[in-house]
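Asker: coords please:
(chains A, B and C)
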Amino acid sequence: MSKIRKSLRKAIIASGLKSGMTVSFHHHLRNGDFVMNMVMDEIADLGISNIRIAASSFFPIHGKLVRHIKTGTITAIDCNYMSGPLAEAVTNGMLKKPVMLRTHGGRPRAIMDGSLKIDVAFIASPSSDKMGNLNGVRGPSSCGSLGYAMPDAQMAGKVIAITDNLTAYPNGPISIDETKVDHVVVVDSIGDTSGIVSGTTQVTRDPVGHVIARHAADVIEASGLLKDGISFQTGAGGASLATAYHLREKMVSGGIKGSFGMGGITAFFVGMLEDGLFEKLIDVQCFDLDAVRSIRKNPNHIEVSASQYANPSAKSCAVESLDVVVLGATEIDTDFNVNVLTDSSGNIMGGSGGHSDTAQGAKLTIIVANLLRARLPIVVDRVTTKVTPGETVDVLVTERGMAVNPSRMDLMKSLKEKGLPVVDIVELKEMAEKMAGKPRKVSFTDRVIGFVEYRNGEIIDKVYQPAKE
Amino acid sequence: MGTNLLFIPGNNPSMIQNAGILGADTVIFDLEDAVAGDQKDAARMLIKNALESMEYEGCETSVRINAMDTPHWESDIRTVAKAGIDGLVIPKAERGEDIKAISEILDSIPEAEGIYLIPLVESALGVENVYEIAASSKRIRGIFFGAEDYTADIGAVRTKGGEEIFWARGRIVNGAVAAGVEAIDTPFTDVEDIEGLRKDTFFAKALGFDGKASISPRHCGFIREIFYPQDEEIRYAIRVMDTVKEAEKSGKGVASMDGKMIDKPIVLRAMKVLRAAGIKEDFRYE
Amino acid sequence: MEKRNAKAGSLESSDLLVVIDEKKPGEELEIVMHSIVEKQYGDRIVEIAYEIAALKGMDNVRILIQDRGALDYAIRARIETAIERFKKEV
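Answerer: Numbering: from 1, shown residues only, chains lettered A, B, ... in the order given. Below is the predicted model of the structure:
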C-alpha cells in the first residue's frame, strides 16, 4: 500500500479541496520555497477559488501569489509574518478581507482550539517515505526543524506531504509520522537551497551594532541573570545576534555554562552548544546549514513544534522557561510598545513571528536598535502598529543610551549602579529628533487591511491602509 | 587627546555621524588618504557641516588635512578651523617651519585659538627632525608616528613584529618627551588580529608612547584598556601631584616624597598617568 | 554650447546624490526630490534645497536629489558641493 499520488493535481482532488476552504503551509523553506506557489497554481488551475491561505510566513518568493489574489483564487490570508510583493499588495489594499496576523505561538493555539480550521495542510518535506513519515534533515532540500508544520499535521482535515526525496519505508528520523498524513506527492524540487538556508548567518561587522550589543550584554550581566544555567534567545542578525557574541565572551571569561539556547537557530548558537556553553538547543527553525547539520547529528539539539515553542494555551511552552530574549524593532513608543510589523510609512514588511511570544515568556526582554533607522527615529510617540505590548518589554538599548521600563525599578537601579548609560525613553526620542529633525506624520485611510492578533487570541491592533500622497 | 585616536573616512556620512559613540578618545576625520582625489571638496564640506551641527560629546574631534605638497591643505584648514574642531593632524610632517606656517594661519583665525596640532611623522626626514618639529609651535599637543609610509620611505619591510620600526619609534618618543609633548603610536593594520593588536599596543606603551591610533572601531576598547594605568600607578601619581602642589603652596623649593626628591621627570610622568586615567590635571611645572 | 552639469554625493545609506543640470535660458529653478523617507522628511529636504539655491543665486537649473536617509548637515553639504562644482564648470 502507498499514499503516493501520481501528481499534485490528483492529490488535491483526492483531498476533497473545494472553493471557500482553508489551506495551510509552513515556512521552513523560507525564501527558497517552491511548494506554496506550485500548489496555489494547481489549485487555481483546477478552478477552485475563494481560498483562505494560512501560511506561517510569506517571503518575497511568494510574490507570485499576487496574481491569485487578482483572480479571486485567494481571498483571505492568515500568517505570522509577510515580506516582499505579497506584503506590498496587501498594504495597497488588494485583498478584500483584512489579513489575519498572528504570532508563532498564537497560530498553533488557534489551530488547536479550532479558531483556525485548516481543511488541507500542504507540508513541504525534505524527505518522506511512501506512507508519509516526514523529516526535514535528509535530502537535497534539507531545512532542519519542521516545527511550524506540526500543529497543521495534527489538526488539518487532510494532510498532503510534498517531497523531492522519497526514501525507503520507514523513513528515519521521524518528525511528523504517517498517522497524520493522507497523501504523498513526489516532485522534482521543493525548493532552492540558497534561498532556504544561507551558508552561515554571520555576526555583523557593523561597529555601531557592536556598541549596542556590548551594552545589551552588560544589561544581561547587571540583571543578575548571567550565571550557570542561563537560557537565552536572540535574533538571527544585526545587533541582536551580536549580543550573543558579547554574552558568550562574558560567559567564557566567567566560566559560566548555559542551560539552553533557543530560536531561530544559527551557526553561532550551534558553536556555543558544541563548545559546551549550552547544554541544549531548542529549535523551532534552522536558519543556516550549520544548524541543519547540527540538528541532524546532535541529540542535544532538539526539534520542537511551534506549539511546544510558544503556544500560550498549552500546558506549558518553552518561552516560559526562557531567561533572556534580545529582539529587534521597527518602532518603539514611549510606553515601550513595539512594532515589528509595519515600517513608519505603514507598509507591512514583517510580523511578530516569535516576538511577542518570547517577550512575554522571558524574564528579561531587551530590544536592541539603532537610534535612527535611515534617518527615522526608532522611538516614537505612538507605534504605527502595536505588536508587542509595552508591559512585556523591559529595556531598549541603542548606541546612544538605554531606557528601562518604569515598571522595572529593580532593574533600573541595578543598571545605574553598574554605571550603564540609563536615560528616560523620552530623552532618547528627543535625542533622535534633534539629530534627524521631527518626522512628519504619515496619514492613513480608515480602511482596515489587517488584524493584529496577540498570542492569546485578543486583537490588539488593526493595520490601516496608508493614504496615497 | 587621550589614549586612542580613531580614523574616520571623511566622505562617509554614516561613519561621520556615528563617530562620537565608537569608543575613541579622539576621532580623526580623514580628508587625506581616505578620500579620493576628486572628492576632496565634497569631504571638506561634509566635515565642516557635520562639525557645525552635530554634538560630539564623548570625544575630542580632529581633522587630518591633506599634505602641504597638495593644493588642498590650506582650504582644508581655513574651512574646518571655524567649524569647531579641537585639533589638526598634519600628515607628512618633515620640518618645523612647515608646522610653524600652519600655526600662523591658525593664529590669524580668531575661532581657531584653542586648536592644537598633531604633526604626523611618516618619513625618514620627519623622523630625523622629530625634536625640531615637536618644539616648533606652542600649539603642538603630540607627535604621531605613521609606520606604513615611513617603512615605504626607508625601503624596509613592514611586519607585525615591528623590528623595522623599533628605532624610529624610540626616536619619536624621545623627541616628543624632550619637547614636552605626547607621542602617539602608529595604527595596527590587521583589523581581525586582536592578539597581534594587544601585543603591539603593550609594546608601544612599554616604549613610552602615550597612546595609539587605530583604523578600526574594534580596536578602540583594547587600546584604551591597555593604556589605562594600574590602580597603584594612579594612586602614586595623585600623591606626587599633591606633594608637589603642597610644596609650591608652602614656598618650599623642592618637594620630596618617600625620601626621594620629586623632580621634573617624575612630575611629568605623574601628569601623563593622570591624563591616561582621564583625570584632569592643570598643574604647570615651572 | 554644451550644457553644464555637476554632481556630488552618493547613493550609500545616509548619503544623497545631487545632480545639477543647466536648463534653457529663462527657465526656472526646478527641484526634483526622491527619498526613501519622502513621507516623513521630503518637505524638509526640498526646503533646504530651495534655501541653499537662493543663497547661492542658483537659477535656471534643475537640481535632482536622490536621498538615502541623509541628515540635514549632509544634505546641505552635498548640495553646496554640487553648486560649487557647477559654478566651476565653464
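
Asker: can you name the element that comes right after the strand or helix carrying residue B:204?
Answerer: Using DSSP states H and E, the element containing residue B:204 is helix B:194-207. Toward the C-terminus, helix B:194-207 is succeeded by strand B:211-214 as the next helix or strand (DSSP H and E).

Asker: could you list the low-pLDDT ranges of chain C?
Answerer: Applying pLDDT under 70 to chain C flags residues C:1, C:90.

Asker: what about whatever residue of it ends up closest to chain A, distance to residue A:377?
Answerer: Residue nearest to chain A within chain C: residue C:69 (3.2 Å; Cβ to the nearest Cβ). All C-beta atoms are positioned from the backbone trio N, CA, C, and that covers glycine. Separation of residue C:69 from residue A:377 (Cβ to Cβ, to the nearest Å): 12 Å.

Asker: more neighbours: which of the two?
Answerer: The residue with more neighbours, out of residue C:69 and residue A:377, is residue A:377; 25 against 22, by other Cβ atoms under 10 Å in any protein chain shown.

Asker: excluding its backbone neighbours, what's nearest the more buried one?
Answerer: Distance criterion Cβ to Cβ, 6 or more residues apart in numbering or on different chains; nearest residue to residue A:377, sequence neighbours excluded, is residue A:432 at 3.4 Å.

Asker: pLDDT on the helix or strand where that neighbour lies, on average?
Answerer: Using DSSP H and E, the element containing residue A:432 is helix A:425-436. Average pLDDT, helix A:425-436: 97.

Asker: same question, stretch A:252-263
Answerer: pLDDT averaged over stretch A:252-263 gives 97.

Asker: now do stretch A:142-152
Answerer: 97.

Asker: CA atoms of it as CSV?
Answerer: Provided in CSV are the C-alpha atoms of stretch A:142-152 (Å, rounded to 0.1, in the frame of the first residue of the first chain):
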residue,chain,number,x,y,z
SER,A,142,17.1,19.8,4.0
CYS,A,143,15.8,22.6,6.2
GLY,A,144,16.2,21.2,9.6
SER,A,145,13.4,21.6,12.1
LEU,A,146,9.8,21.1,10.9
GLY,A,147,8.3,22.7,14.0
TYR,A,148,5.8,25.0,12.3
ALA,A,149,4.3,22.2,10.3
MET,A,150,3.5,20.1,13.3
PRO,A,151,0.2,21.7,14.5
ASP,A,152,-1.1,21.7,11.0
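
Asker: contact residues of chain A facing chain C?
Answerer: A:344-345, A:374-376, A:435-437, A:439-440, A:442, A:469 (Cβ under 8 Å from any Cβ of the partner chain).

Asker: ok, of the residues you listed, which one's closest to residue A:157?
Answerer: Sorting the residues of chain A next to chain C by distance to residue A:157 puts residue A:345 at the head of the list, at 39.6 Å, by Cβ to Cβ.

Asker: so which strand or helix has that closest one?
Answerer: Judged by DSSP H and E, residue A:345 forms part of no helix or strand.

Asker: isn't it right up against residue A:466?
Answerer: Yes. Residue A:345 lies in contact with residue A:466 (Cβ atoms under 8 Å); the separation is 6.2 Å.

Asker: need the contact list for the residue in the stretch 351-469 of chain A that chain B sits nearest to.
Answerer: Closest contact between the stretch 351-469 of chain A and chain B, by Cβ to the nearest Cβ, is at residue A:399 (4.9 Å). Residues in contact with residue A:399, defined by Cβ atoms under 8 Å, 6 or more residues apart in numbering or on different chains, are A:208, A:211-212, A:215, A:370-371, B:18, B:21.

Asker: same question for residue A:291.
Answerer: Counted by Cβ under 8 Å, 6+ apart, residue A:291 has contacts A:144, A:197, A:265-267, A:269-270, A:283, A:301.

Asker: SS state for it?
Answerer: When classified by DSSP: H, G, I helix; E, B strand; the rest coil, residue A:291 comes out as helix.

Asker: grab the nearest non-local neighbour of it.
Answerer: Closest to residue A:291 by Cβ to Cβ, 6+ apart is residue A:265, at 4.3 Å.

Asker: from residue B:85, how far off is the one you found?
Answerer: 48 Å.

Asker: now swap in residue A:181 and tell me
Answerer: Distance from residue A:181 to residue B:85, by Cβ to Cβ: 70 Å.
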